[in-house]
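Peer 1: Next come a sequence and a model predicted from it.
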Amino acid sequence: MIGWALAALLLAAPAAAQRVEGDRAEAQGLYEAEVPVRTQAEAERTAGYARALAQVFAKLSGDRGIASRPGVAQELRRAADYVDGFDYRQDESIGSSGAPSFRTMLVVRFVPEAIDALTAALGLPVWPQPRPKPVLWLAIDDGRGPRLVGVQQSNAARPLLQRAVERGYRLGLPSGNAAEQAAAGAIWRGDTAAIARLSSRYNPPMQLIGKLYRDAGGWKADWIFVDDGRVLSRWSESGGDARRTMATGADGAADALIKRYAKATAPADPVVQRMVFTGLRSGSDYLRLSAALQRMSVVRAIRPLRASPDRLEVELDLLTGMSGFRRMVDEAVLLEVEGTDELAPPVYLLH
């Protein structure tokens, strides 16, 4: 127990988080996220909304680079429009020097239906639910030999377990009985068959196998991800911070899972669509129409074709076709009055 306490101190895992007042606020489920903020000022909260929405998109898709996909950055700037509620939490942790540190976390809840509509409209990949909960077989050697991280030592693996939650799935830990403790040697050898046999009592038959050890003045982690006896991925990471080096295991496992199981909801290539807008009676109406179209992240380009009194015909480059456009259009501004004929362009009336 003393050894594990020292290991947890070396890893400096922020496991002592607590709410200053009232019940602890935490992100629960795919449509909630928590991000650090410097203050509780409105401007800081608005910036936090954007980072929280990026985290939710990443959890839904499993793609940690989701913010770079077309249309996503534009929606992140409007993240406040999709917020259902928020709360704050004050986290306290003890560093390796023994001094306490504090961090304010913003916990954001988004409207699930709105986020689902955005995901479909932008054609983002979706990692289907229910999602598997692989078993984490992790051995740590801090200089006194490798030891297995079981349920009783979960705090030592907290950075890795939390990173998995941020990527939209969870990891389980073995119970840590005597037979499993002896598996540290098999982990160190990379004996996936031996670990799979030990893991047969757990579901699903997926294992994230890793060893974390000191290396060249820092830390190194070697990882293997196994799905039903098949090795899907192997990778290694090094760094000066044990917590960050450890967390790479959750990222690698998530990348392997989404590569195999995530599916795109729509083609990524823009579709050129001819459309007609009516009800434009003044210059201000044209400006309102332009603003409404530019707010829609599925609209990538606007090319006017013909204009006449009360009517404008355009070509739009649509990220995910008419299905995405219809999901995102603000019906309080634009109302579709014709669009059932596949040969004729859709017609929208400007309110």
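Peer 2: The structure has been received and is ready for your questions.
Peer 1: lowest confidence element among the helices and strands of this protein?
Peer 2: Of all the helices and strands that make up the chain, helix 2-11 has the lowest average by mean pLDDT, DSSP states H and E, namely a mean of 44.
Peer 1: what sits up against the following helix or strand past it?
Peer 2: Moving toward the C-terminus from helix 2-11, the next helix or strand (DSSP states H and E) is strand 32-37. Residues from elsewhere that reach strand 32-37 (Cβ atoms under 8 Å, 6 or more residues apart in numbering): 25-27, 44-45, 47-48, 51-53, 55-56, 59, 88-89, 103-110, 166. (Each C-beta comes from the backbone N, C-alpha and C, glycine too.)
Peer 1: And whichever helix or strand comes after strand 32-37, what's buried?
Peer 2: Next along the chain after strand 32-37, taking DSSP H and E as the criterion, comes helix 42-61. Using 16 or more other Cβ atoms under 10 Å as the test for burial, helix 42-61 gives 45, 47-61.
Peer 1: of all these, which two lie farthest apart?
Peer 2: Taking Cβ to Cβ as the measure, the buried residues of helix 42-61 span a maximum distance of 24.6 Å, between 45 and 61.
Peer 1: Confirm that residue 293 lies within a strand, as I assumed.
Peer 2: No. Checked against DSSP: H, G, I helix; E, B strand; the rest coil, residue 293 lies outside a strand; its state is helix.
Peer 1: Quick check: nearest residue in space to it, chain neighbours excluded?
Peer 2: residue 299 (5.1 Å; Cβ to Cβ, 6 or more residues apart in numbering).
Peer 1: which SSE is residue 246 in?
Peer 2: helix 242-261.
Peer 1: Which strands or helices does that helix pack on?
Peer 2: Under the contact criterion of 3 or more Cβ pairs under 8 Å, 6 or more residues apart in numbering; DSSP states H and E, helix 242-261 touches helix 2-11, strand 135-141, helix 158-166, strand 206-215, strand 218-227, strand 230-239.
Peer 1: what's the burial count for the nearest residue to residue 143 once chain neighbours are set aside?
Peer 2: Closest residue to residue 143 apart from its sequence neighbours, by Cβ to Cβ, 6+ apart: residue 214 at 6.0 Å. Residue 214: 14 surrounding residues under other Cβ atoms under 10 Å.
Peer 1: Residue 214 bridge partners, please.
Peer 2: Note on residue 214: beta-bridge partners by DSSP bridges are residue 219.
Peer 1: let's number from 52 now, not from 1
Peer 2: With 52 as the first residue, the last one maps to residue 265.
Peer 1: Distance check, it against residue 191.
Peer 2: Counting by Cβ to Cβ, to the nearest Å, the gap from residue 265 to residue 191 is 10 Å.
Peer 1: what's the neighbour count on residue 356?
Peer 2: Residue 356: 12 neighbours (other Cβ under 10 Å).
Peer 1: I misspoke; the intended subject was residue 178.
Peer 2: For residue 178, using other Cβ under 10 Å, the count is 21.
Peer 1: And for residue 243?
Peer 2: The burial count for residue 243: 21, using other Cβ under 10 Å.
Peer 1: Likewise for residue 76?
Peer 2: There are 18 residues near residue 76, going by other Cβ under 10 Å.
Peer 1: Give me the nearest residue to it, chain neighbours excluded.
Peer 2: The nearest residue in space to residue 76 (Cβ to Cβ, 6+ apart) is residue 138, at 4.0 Å.
Peer 1: what sits up against stretch 186-196?
Peer 2: 54, 57-58, 61, 197-200, 207-208, 211-212, 222-225, 234-235, 238-239, 246, 249-250, 253, 257-265, 297, 300.
Peer 1: of those, buried ones?
Peer 2: Looks like the contacts of stretch 186-196 have 58, 61, 197-200, 207-208, 211-212, 222-225, 234-235, 238, 246, 249-250, 253, 257-264, 297, 300 buried, using 16+ other Cβ under 10 Å.
Peer 1: Need the outlier residue of the chain, farthest from its centre.
Peer 2: The outermost residue of the chain relative to its centre, with distances by Cα atoms, centre = their mean, is residue 360 at 47.4 Å.
Peer 1: quick one: it from residue 193, how far?
Peer 2: From residue 360 to residue 193 the distance is 78 Å (Cβ to Cβ).
Peer 1: ok, now residue 376?
Peer 2: Computed with Cβ to Cβ, the distance linking residue 376 and residue 193 is 56 Å.
Peer 1: Which one's more surrounded, those two?
Peer 2: More crowded of residue 376 and residue 193, by other Cβ under 10 Å: residue 376, with 24 against 20.
Peer 1: outside of the helix or strand hosting the more buried one, which residues touch it?
Peer 2: Under the criterion of DSSP H and E, residue 376 resides in helix 372-379. For helix 372-379, contacts defined as Cβ under 8 Å, 6+ apart pick out 168-169, 171-174, 317-318, 322, 324, 347-350, 367, 369, 387, 390, 397.
Peer 1: Flag every buried residue along it.
Peer 2: Going by neighbour count (16+ other Cβ under 10 Å), the buried part of helix 372-379 is 372-376, 378-379.
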